[in-house]
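Undergrad: only the shape, not the letters, is given here:
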Ligand code: ATP
């Protein structure tokens with residue numbers, strides 16, 4: 001009979017995590033991965049489950065907290081490995097070059113150092129006891145490394161890291177090094193972590209949606225795991241939004257037939273301008289304002305003007321509202337395209353950027369106000385409250401909208417929106433179940449964009465998973481990229497096309513530097529591909545792609561076998577349009593969306 005799994009008390013040896021990572025490395029099935037995580041979580045004391053979850057996610061805390069990153073470059077890491085293994089830096093570098101993996105290099109050097117030590121020990125007959133690393137010790141040390149800032153911080157970081165690697169076993173050293181490098185590559189996505197949490201602490205897979213909703217409201221999987229493990233599933237059910245913690249945004253499906261849109265929305269709907277700017281979730285608590293991006297980054301410092309608007313024009317004491325920030329021309333009043341917002345991304349001279357690129361905010365939702373959760377209320381109620389709590393001005397106003405059930409009126413409004421510098425319209429359900437579905441792409445919101453009028457119905461956002469070296473003028477550089485769509489059901493990336501055109505020289509020049517941190521030896525475990533690129537890349541970078549049309553291809557794995565056996569969906573004549581730094585890999589166009597786009601295209605051709 002299998003032994004019951006024992007839970008540790010208070011803290012846990014770090015070796016449990018290293019062993020888990022090792023097991024995960026050799027499997028790709030999500031079910032098996034979940035089982036392995038379940039075993040780890042069962043052993044984990046509830047007090048440290050948050051830390052264990054963060055480590056699996058490859059981070060120390062959620063990005064939106066704006067806390068410092070580790071700040072350890074490759075050079076420092078090599079130095080620390082050399083110190084911890086009594087090797088020369090050149091030795092570490094050479095081994096790194098041979099193995100192509102600094103984690104493995106550290107592991108081998110640690111083994112060698114241990115062998116040397118055990119020989120010396122047999123002569124001296126004295127065995128120095130190694131301090132066993134615990135999760136808390138590793139986490140605290142890494143956090144101290146991150147927090148060391150300013151003068152002298154380099155030495156402190158190096159000392160702490162070398163100390164950690166000295167105490168680590170070879171296997172532990174491998175994973176600590178990979179963690180510090182930001183290349184853990186164990187292939188575990190948030191979805192699998194939530195599956196395992198539901199089984200261990202929720203009482204079964206049926207509690208998974210509760211965990212997911214809580215995560216969508218609080219965007220901190222470590223915190224959610226801790227609440228669940230220490231207070232139980234009921235505590236998650238009652239979770240409300242909290243000012244200062246970003247809520248994962250609600251997203252829209254796409255269509256291009258006004259009649260169908262209205263049908264899907266339930267007959268009558270709000271139709272709003274879809275502004276071409278940056279999405280902003282604005283949080284207010286008294287005088288304190290936070291602005292979070294679509295990817296939940298804290299972008300408050302880029303928009304001191306929006307901070308001022310929010311302070312002045314939101315009347316409630318505490319509120320979370322959503323809107324689009326758009327650049328405009330103060331002389332003509334016309335709205336400017338999204339690209340101009342990039343000037344707001346600079347750290348310095350933000351006061352100059354504010355003058356050169358002034359912005360307006362168009363608000364479209366309200367999620368929370370003065371202690372009350374609005375995410376569960378229907379849109380008309382949210383909109384009415386939004387109107388009540390803001391003072392509308394030219395630079396801080398509610399998105400233009402109409403309420404209609406007439407497809408012709410919708411089309412007319414769509415054309416007017418484009419005429420006025422918008423990207424198209426958003427059609428939003430207003431029935432009693434039209435709640436704010438945090439983190440969900442659903443039919444309560446439908447987007448209808450200008451690009452739908454081009455040959456391929458729309459641009460798509462795909463993730464780079466591999467790269468090919470170029471020839472001729474592009475010799476020595478990357479010339480084409482292998483792009484993939486996201487499949488959330490399987491939590492994997494499925495290839496769609498190889499894109500080699502549309503790149504400007506600057507794009508090609510920037511690629512090696514941009515891809516360097518993500519290049520990996522083998523295919524990433526979450527990538528499903530048939531094509532073999534020259535280098536594999538961890539799914540992290542998203543690009544917007546357009547093409548002539550969607551086709552079927554035996555070379556790609558997106559929707560493989562779904563339309564015909566042995567073939568997937570691909571893009572004919574794909575062309576790069578721009579990077580989408582505002583999107584993470586899981587925000588890419590999904591395989592399901594491509595399937596629906598393909599089916600619509602087919603319907604159009606056969607009509
Ligand atoms: P896209 O790639 O088309 O910009 P997306 O994938 O970022 O879209 P979607 O949910 O598909 O996200 O489209 C909605 C986006 O449109 C929002 O994220 C928001 O930034 C923007 N937007 C502009 N105007 C509105 C509006 N009135 N209501 C909701 N979203 C709006």
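TA: Arrived safely, thanks for sending. What you are looking at is a predicted structure, and each value in this text was computed from that prediction instead of being measured.
Undergrad: I figured residue 564 hits residue 551, correct?
TA: No - judged on CB atoms under 8 Å, residue 564 makes no contact with residue 551 at a distance of 11.6 Å. C-betas here are computed from N, CA, C, even on glycine.
Undergrad: low-scoring stretches of the stretch 351-500 of the chain, by residue?
TA: 450-457, 472-475 (pLDDT under 70).
Undergrad: and the helices in it?
TA: Under the criterion DSSP state H, counting those that start in this stretch, the stretch 351-500 of the chain contains helices at 379-389, 407-419.
Undergrad: pipe these into CSV and attach distance to the ligand per row.
TA: Output for the helices of the stretch 351-500 of the chain, formatted as CSV (distance: least, CB to the nearest ligand atom, whole Å):
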stretch, distance to the ligand
helix 379-389, 10
helix 407-419, 10
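Undergrad: got the phi and psi for the closest residue to residue 584 other than its chain neighbours?
TA: Setting aside the residues directly before and after it, residue 584 is nearest to residue 295 in space (CB to CB, 6 or more residues apart in numbering), at 5.5 Å. Main-chain torsions, residue 295, degrees, to the nearest 10: phi -90, psi 10.
Undergrad: count the residues that sit near residue 295.
TA: 19 (other CB atoms under 10 Å).
Undergrad: go on, residue 382?
TA: Residue 382, neighbours per other CB under 10 Å, totals 23.
Undergrad: for residue 111, same thing?
TA: 15.
Undergrad: equivalent analysis for residue 78, please.
TA: Using other CB under 10 Å: residue 78 sits among 22 other residues.
Undergrad: get me the contact residues on the stretch 401-550 of the chain for the ligand.
TA: The stretch 401-550 of the chain has residues 426, 447, 461 near the ligand, with proximity defined as CB under 6 Å from any ligand atom.
Undergrad: again, only this time at 5 Å
TA: 426, 447 (CB under 5 Å from any ligand atom).
Undergrad: ditto for the stretch 201-350 of the chain
TA: Residues of the stretch 201-350 of the chain lying near the ligand (CB under 5 Å from any ligand atom): 251, 252, 272, 274, 275, 279, 324.
Undergrad: got a list of what residue 241 touches?
TA: With contact taken as CB atoms under 8 Å, 6 or more residues apart in numbering, residue 241 is in contact with 217, 218, 247, 320, 367, 368, 373, 375.
Undergrad: for it, give me the pLDDT.
TA: Residue 241 is assigned 95 on the pLDDT scale.
Undergrad: tell me the SS of it?
TA: Three-state call for residue 241 (DSSP: H, G, I helix; E, B strand; the rest coil): coil.
Undergrad: can you tell me the closest non-neighbouring residue to it?
TA: Counting by CB to CB, 6+ apart, residue 368 is the residue found nearest to residue 241 once chain neighbours are left out, at 4.3 Å.
Undergrad: tell me which residues form a beta bridge with the one you found?
TA: residue 320, residue 373 (DSSP bridges).
Undergrad: and it, what does it touch?
TA: Taking CB under 8 Å, 6+ apart, we find residue 368 in contact with 240, 241, 243, 318, 319, 320, 374, 375.
Undergrad: report how many residues lie close to the last one.
TA: Put plainly, it is residue 375. Residue 375: 21 neighbours (other CB under 10 Å).
Undergrad: give me the phi and psi angles of the residue nearest to residue 581 when sequence neighbours are not counted.
TA: Excluding the flanking residues, the one nearest residue 581 by CB to CB, 6+ apart is residue 542, at 7.8 Å. Residue 542 adopts backbone torsions of phi -110, psi 140, taken as degrees, to the nearest 10.
Undergrad: doesn't residue 576 make contact with residue 542?
TA: No - if you go by CB under 8 Å, residue 542 and residue 576 don't touch, sitting 11.6 Å apart.
Undergrad: okay, the two: which has more neighbours?
TA: Neighbours were counted for residue 542 and for residue 576 using other CB under 10 Å; residue 542 has more, 23 against 20.
Undergrad: what's the distance between the more buried one and residue 512?
TA: Distance, residue 542 to residue 512, using CB to CB, to the nearest Å: 18 Å.
Undergrad: which residues in the stretch 1-150 of the chain form helices?
TA: Counting by DSSP H, counting those that start in this stretch, the helices of the stretch 1-150 of the chain are 15-25, 30-43, 49-57, 74-85, 89-99, 102-124, 135-147.
Undergrad: got the ones you listed as CSV, with distance to the ligand columns?
TA: Converted to CSV, the helices of the stretch 1-150 of the chain look like this (distance: least, CB to the nearest ligand atom, whole Å):
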stretch, distance to the ligand
helix 15-25, 30
helix 30-43, 25
helix 49-57, 23
helix 74-85, 33
helix 89-99, 38
helix 102-124, 34
helix 135-147, 30
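Undergrad: please identify the deepest-packed of those.
TA: Scoring the helices of the stretch 1-150 of the chain by mean neighbour count under mean count of other CB atoms under 10 Å gives helix 49-57 as the most buried, with a mean of 23.
Undergrad: returning to what we had before: mind giving me the ChimeraX command for buried ones among the contacts of residue 368?
TA: To isolate the buried ones among the contacts of residue 368 in ChimeraX, judged by 16 or more other CB atoms under 10 Å, type:
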select :241,243,318,319,320,374,375
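Undergrad: which ones are touching the residue in the stretch 401-550 of the chain that the ligand sits nearest to?
TA: Residue of the stretch 401-550 of the chain nearest the ligand, by CB to the nearest ligand atom: residue 426 (4.2 Å). Neighbour list for residue 426: 252, 271, 272, 273, 274, 364, 445, 446, 447, 448 [criterion: CB under 8 Å, 6+ apart].
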